[in-house]
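Q: show me the folded form of this:
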Amino acid sequence: MSPTEGFCAASLIAALLLAAPAAQALPWSKDMVDQPSVKAQEARVDEPEDSVAAKGKEPVTKPKNVSEVVKFRLQAAAEISNPVAPGQRSIDRGEWVYQTHCASCHGAGGSGDGPVGLKYVPPPMDLTTDYVQQQADGQLFYTITHGGVVMPFYRDAIDIEDRWHLINYIKSELKTQ
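A: Below is the predicted model of the structure:
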């Protein structure tokens, strides 16, 4: 190896060793990536029960089989009422929840034509129909909490109170036009 080749090789090795730390992000330079926010379609992680005040117990029972799904959905319709008044603040919050978790399947207007939902068989429910709009709030709450035929459950992704805001939004803003 000639002295020039040796110098080039040593320079290259030194440059690689000096550049390696710069390739790693420093702890303070990635704050925007690791922020404590809920991203769309991301499951929510509850804090340890001893560290923060709990917001409340789930008002519906988790089903173990298909017959319990039907039984509990009808029971929820009869026994659970919406504790959140459908004011503008609730509807605005419900719209945010809808756009974050529901619009990808149910579409911007709730008619079941979202880009993800178009791939499902059967397609997502049209939320503007009388069938949905006339359901009791408790029944809609149960469906959001435990899912439907193709719809996944959202009990871990959407906070209990936000589910009620979502119902207020569905019933006031997604009515049949």
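Q: residues in contact with the longest helix anywhere in the chain?
A: What stands out as the longest helix in the chain, according to DSSP state H, is helix 3-23. If you take C-beta atoms under 8 Å, 6 or more residues apart in numbering as the criterion, helix 3-23 is touched by Met1. C-beta coordinates here come from the backbone N, C-alpha and C atoms, glycine included.
Q: mind checking how far Leu74 is from Val149?
A: 16 Å (C-beta to C-beta, to the nearest Å).
Q: not counting residues beside it along the chain, what's closest to Cys102?
A: Once flanking residues are discounted, Cys102 sits nearest to Leu166: 7.3 Å by C-beta to C-beta, 6 or more residues apart in numbering.
Q: now swap in Val121 and tell me
A: Here the residue nearest Val121, using C-beta to C-beta, 6+ apart, is Val150, at 7.7 Å.
Q: same thing with Arg93?
A: His165 (4.2 Å).
Q: my read is that that neighbour contacts Tyr98, right?
A: No - if you go by C-beta atoms under 8 Å, His165 and Tyr98 don't touch, sitting 9.1 Å apart.
Q: which element is the residue nearest to Val121 on?
A: Here Val150 sits in a region with no helix or strand, counting by DSSP states H and E.
Q: ok, Leu74 and Val149, which is more surrounded?
A: Per other C-beta atoms under 10 Å, whichever of Leu74 and Val149 has more neighbours is Leu74, with 14 against 9.
Q: so who does the more buried one touch?
A: By C-beta under 8 Å, 6+ apart, Leu74 lies in contact with Gln139.
Q: model confidence over stretch 112-126, on average?
A: If you average the pLDDT over stretch 112-126, you get 91.
Q: oh, that last question was meant for stretch 2-18, not what I typed.
A: Stretch 2-18 comes out at a mean pLDDT of 81.
Q: next one: stretch 72-90
A: Taken as a whole, stretch 72-90 has a mean pLDDT of 90.
Q: next helix or strand past the longest helix of the chain?
A: On the C-terminal side of helix 3-23, the closest following helix or strand by DSSP H and E is helix 66-79.
Q: hmm, who's touching the helix or strand just after that next one?
A: Using DSSP H and E, the helix or strand that follows helix 66-79 towards the C-terminus is helix 88-101. Here helix 88-101 makes contact (C-beta under 8 Å, 6+ apart) with 38, 40-41, 84, 106, 108, 110, 154, 157-158, 162-170, 172-173.
Q: okay, now stretch 131-144: how far is its last residue from its first?
A: Chord length of stretch 131-144, first to last residue, is 15 Å (C-alpha to C-alpha, to the nearest Å).
Q: about what we covered before: the residue nearest to Val121 contacts Met125, correct?
A: No - the criterion here is C-beta under 8 Å, and Val150 misses it with Met125 at 9.1 Å.
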